[in-house]
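*Asks:* Model the structure of this input:
(2 chains)
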Amino acid sequence: MMQRLFPCLTALFLLSACAQGPRSFPPPLAPAPGETDILQQCTALFPRDRWQFVHAISFRMANGTHGNVLGVLVLNNQEVNCALMTVEGLTLFEARSSGAEELEVVRALPPFDHRPFAVGLMHDVRTIFQLPPGAARYGVLSDGTAACRYAAGSQVTDILPREDGCWRIDTYSEQTKTRTITAQSCATVASAIIPHSLELIASGPVGYTLDMRLLSAERLSPSL
Amino acid sequence: MRQRLVCCLVLCLLLLPGVVWCQDDPVDGQPARLRSVRADFVQEKHLKILARPLVSHGVFVFQVPQSLRWEYLDPLHSILLMHNGRMKKIIEKDDRFEEDNGAGVDAMQIVLQDIGNWLDGRFADNPVFHVTRADEQTVVLAPREQGLQSVISRIELHLGQERGVMDSVIIVEGADVYTKLTFTNTVLNREIPEGLFIGP
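*Replies:* Below you'll find the model as predicted:
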């Protein structure tokens, strides 16, 4: 009985999601003074040069699947190398990308062996760790929250710096909110602002949540 | 099928450090009767992209017939427990332990039966691996199936000078990608409380 009910409930959920009215995202952004300073502040939230990060990542999929992996990330300006491993050290996934449009999957074991997963992962990594592409402007949202807005085609990214030095990122695509990333417990490491924990919520029926806890952050010298 | 193989392999890797060389006992010429093993370990994960290897520290405890505690103390506190045919994995988050019910835990139990063979020094009984002796102290396990070969190319077991002790295990996934486990402070046949295999 439950086996029959489940597809019906799933279909109902998907239909109800589709039945929502037109979106009004991204929210209106009113101009505000001090644009140059605030945009510089937003730019400073992203690490520059060479970095190596290791995170404990807890993931939860919309279908209830969940698990824990270790994430390794090596950044070198626009170049991104990342790997996912079991806690015991087996490499589940490894990929590198030298630009937003380039992606080479080095290794991918099930269930991480699908191209859309690799593309999505690299997109998430760039959203969290790199300054968004596109034209930038500064303003305030209707609730008074300051935001730096970056627009590139139908992709819009709002960076909302907080008084505690941390930040939140909201991303929109085709007038729909696609990601919310919240940084917590930020600290200065080698003159960069590094959050101790990050939560990424991907919206939609195939959404997921990532809880990332920083295990190590190291600024690498150019020779390493 | 592939997913299952991978899950099995993960457990193989987890269990290998429990392998203890138990051939001829120098005393009376009788096979050593292993009851328990406890050792500290350092795990180095090497990846091409890493400037420096990822280093983890932990403790493992094994007791015949099939009880295991495989605990990482840092950088991420997690514990794999096996006892009375049941397996669970626990991860510490925000000062609390929570069970990790991720996919694969059930499949891991399939391999549990192999540990008995390994502890008896019967490496060749494991149908998953082709076994060779590189030298007196080194056993090399290579996956027989092509599917597994794409996941892991070989496992090297480096036996200690002292009988009954494993020095290190190297799990080679591919070129420049490997995990090295080095064991120290090995203690054999000490009485181990059952509770160690049940919870944190």
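*Asks:* mind listing the strands for chain A?
*Replies:* For chain A, strands defined by DSSP state E occupy the ranges A:30-31, A:50-61, A:66-76, A:79-85, A:91-97, A:104-108, A:135-140, A:146-152, A:155-161, A:167-173, A:176-189, A:192-202, A:208-219.
*Asks:* Count residues in the vicinity of whichever residue of chain A sits closest to chain B, would you?
*Replies:* Closest contact between chain A and chain B, by CB to the nearest CB, is at residue A:67 (3.1 Å). Glycine gets a C-beta too; all of them are placed from N, C-alpha and C. Under the neighbour criterion other CB atoms under 10 Å in any protein chain shown, residue A:67 is assigned a count of 19.
*Asks:* That one against residue B:99, yeah?
*Replies:* No: assessed by CB atoms under 8 Å, residue A:67 is found out of contact with residue B:99, at 11.6 Å.
*Asks:* thinking again about what came up before, could you dump the strands of chain A into CSV with mean pLDDT added?
*Replies:* CSV is the format used below for the strands of chain A (pLDDT from 0 to 100):
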stretch, mean pLDDT
strand A:30-31, 90
strand A:50-61, 92
strand A:66-76, 91
strand A:79-85, 94
strand A:91-97, 93
strand A:104-108, 93
strand A:135-140, 92
strand A:146-152, 94
strand A:155-161, 95
strand A:167-173, 95
strand A:176-189, 94
strand A:192-202, 94
strand A:208-219, 94
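*Asks:* Please identify which of those strands is closest to residue B:88.
*Replies:* With CB to CB as the measure, strand A:66-76 is the member of the strands of chain A nearest residue B:88 (13.3 Å).
*Asks:* Next one: residue A:22, what pLDDT does it get?
*Replies:* pLDDT recorded at residue A:22 is 47.
*Asks:* if we can go back for a sec, report the beta-bridge partners for the residue of chain A closest to chain B.
*Replies:* residue A:59 (DSSP bridges).
*Asks:* Out of the strands of chain A, which gets nearest to residue B:170?
*Replies:* Across the strands of chain A, closest to residue B:170 is strand A:91-97 (CB to CB), at 14.5 Å.
*Asks:* Direction included, what does that closest one pair up with?
*Replies:* Strand pairing (DSSP bridges) places strand A:91-97 next to strand A:79-85 (antiparallel), strand A:104-108 (antiparallel).
*Asks:* What segments of chain B are strands?
*Replies:* Under DSSP E, chain B gives strands at B:36-46, B:54-63, B:67-74, B:78-83, B:86-93, B:96-99, B:129-135, B:138-143, B:154-159, B:166-174, B:177-188.
*Asks:* okay if I get those strands as JSON lines plus distance to chain A, mean neighbour count and mean pLDDT?
*Replies:* Compiled in JSON lines, the strands of chain B are given as follows (distance: least, CB to the nearest CB, whole Å; neighbours: other CB atoms under 10 Å in any protein chain shown; pLDDT from 0 to 100):
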{"stretch": "strand B:36-46", "distance to chain A": "5", "mean neighbour count": "19", "mean pLDDT": "93"}
{"stretch": "strand B:54-63", "distance to chain A": "6", "mean neighbour count": "20", "mean pLDDT": "92"}
{"stretch": "strand B:67-74", "distance to chain A": "6", "mean neighbour count": "19", "mean pLDDT": "91"}
{"stretch": "strand B:78-83", "distance to chain A": "5", "mean neighbour count": "22", "mean pLDDT": "89"}
{"stretch": "strand B:86-93", "distance to chain A": "5", "mean neighbour count": "17", "mean pLDDT": "87"}
{"stretch": "strand B:96-99", "distance to chain A": "9", "mean neighbour count": "12", "mean pLDDT": "89"}
{"stretch": "strand B:129-135", "distance to chain A": "16", "mean neighbour count": "14", "mean pLDDT": "87"}
{"stretch": "strand B:138-143", "distance to chain A": "13", "mean neighbour count": "20", "mean pLDDT": "88"}
{"stretch": "strand B:154-159", "distance to chain A": "12", "mean neighbour count": "20", "mean pLDDT": "86"}
{"stretch": "strand B:166-174", "distance to chain A": "6", "mean neighbour count": "20", "mean pLDDT": "88"}
{"stretch": "strand B:177-188", "distance to chain A": "4", "mean neighbour count": "18", "mean pLDDT": "92"}
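*Asks:* Distance to residue A:146 for those - can I get that in CSV?
*Replies:* Converted to CSV, the strands of chain B look like this (distance: least, CB to CB, whole Å):
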stretch, distance to residue A:146
strand B:36-46, 41
strand B:54-63, 38
strand B:67-74, 38
strand B:78-83, 40
strand B:86-93, 32
strand B:96-99, 35
strand B:129-135, 59
strand B:138-143, 56
strand B:154-159, 55
strand B:166-174, 46
strand B:177-188, 44
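*Asks:* so which of those comes closest to residue A:53?
*Replies:* strand B:54-63 (11.4 Å).
*Asks:* partner strands of that closest one, parallel or antiparallel?
*Replies:* strand B:36-46 (antiparallel), strand B:67-74 (antiparallel).
*Asks:* nearest to residue B:170, of these?
*Replies:* strand B:36-46 (9.5 Å).
*Asks:* can you list contacts of the closest one?
*Replies:* A:85, A:89, B:17-18, B:20, B:53-64, B:72, B:166, B:176-192 (CB atoms under 8 Å, 6 or more residues apart in numbering or on different chains).
*Asks:* Put the alpha carbons of it into CSV.
*Replies:* Taking Å, rounded to 0.1, in the frame of the first residue of the first chain, the C-alpha atoms of strand B:36-46 are listed here in CSV:
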residue,chain,number,x,y,z
SER,B,36,42.5,-9.4,21.0
VAL,B,37,44.5,-6.5,19.5
ARG,B,38,44.7,-2.9,20.5
ALA,B,39,46.8,-0.3,18.6
ASP,B,40,47.1,3.4,17.9
PHE,B,41,47.3,4.4,14.3
VAL,B,42,48.2,7.4,12.2
GLN,B,43,46.5,7.7,8.8
GLU,B,44,48.1,9.7,6.0
LYS,B,45,45.9,10.4,3.0
HIS,B,46,47.9,11.4,-0.1
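*Asks:* what's the angle between it and strand A:66-76?
*Replies:* 40 degrees (axes from the mean of the first three to the mean of the last three CA atoms, to 10 degrees).
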